[in-house]
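Q: Okay, here's the prediction I keep looking at, along with the sequence it came from:
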Amino acid sequence: MITKKMTINIPSGLEARPVALFVQVASRYESSIFVEIKDKRINAKSIMGMMSLGLSAGEEVVVSADGLDEKDAILNIEKYLSEEK
């Protein structure tokens, strides 16, 4: 299992379209992937779960991945969250 703290650099935060794209990125991987903030832990492949977080630009989250492709999953999720769109 890999766990990494990440900052959301998408100017609009994770609103509808960026959340949908985030879920697409996470869904490419077989690994179990979760996003944690404060006391919430959400499956990163769940669009409704991710929308419920209401994440804004500049917020920090902890992303964890567990599985055969966990390294690639963490790398590409961090790349997605760090890109200014």
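A: Structure's in. What do you need?
Q: CA atoms for contacts and neighbours, from now on please.
A: Noted.
Q: nearest residue to the residue lying farthest from the centre of the chain other than its sequence neighbours?
A: Counting by Cα atoms, centre = their mean, the extreme residue of the chain relative to its mean C-alpha position is Leu68, 17.8 Å from that point. Counting by Cα to Cα, 6 or more residues apart in numbering, Leu68 lies nearest to Ser31, which is 6.4 Å off, once chain neighbours are set aside.
Q: can you check Met1 too?
A: Asp66 is the one closest to Met1 (Cα to Cα, 6+ apart), at 4.3 Å.
Q: element containing the closest residue to Ala44 other than its chain neighbours, please.
A: Spatially, and ignoring its direct neighbours in sequence, Ala44 is nearest to Phe34 (5.0 Å; Cα to Cα, 6+ apart). Per DSSP states H and E, Phe34 falls inside strand 32-37.
Q: residues making contact with whichever helix or strand comes after that strand?
A: Once strand 32-37 ends, the next helix or strand along the chain (criterion: DSSP H and E) is strand 40-43. Defining contact as Cα atoms under 8 Å, 6 or more residues apart in numbering, one finds that strand 40-43 is touched by Ser32, Ile33, Phe34, Val35, Glu36, Gly49, Met50.
Q: Show me what counts as buried in strand 40-43.
A: By 16 or more other Cα atoms under 10 Å, the buried positions in strand 40-43 come out as Arg41, Ile42, Asn43.
Q: in its sheet, what does it sit against?
A: The pairing partners recorded for strand 40-43 under DSSP bridges are strand 32-37 (antiparallel).
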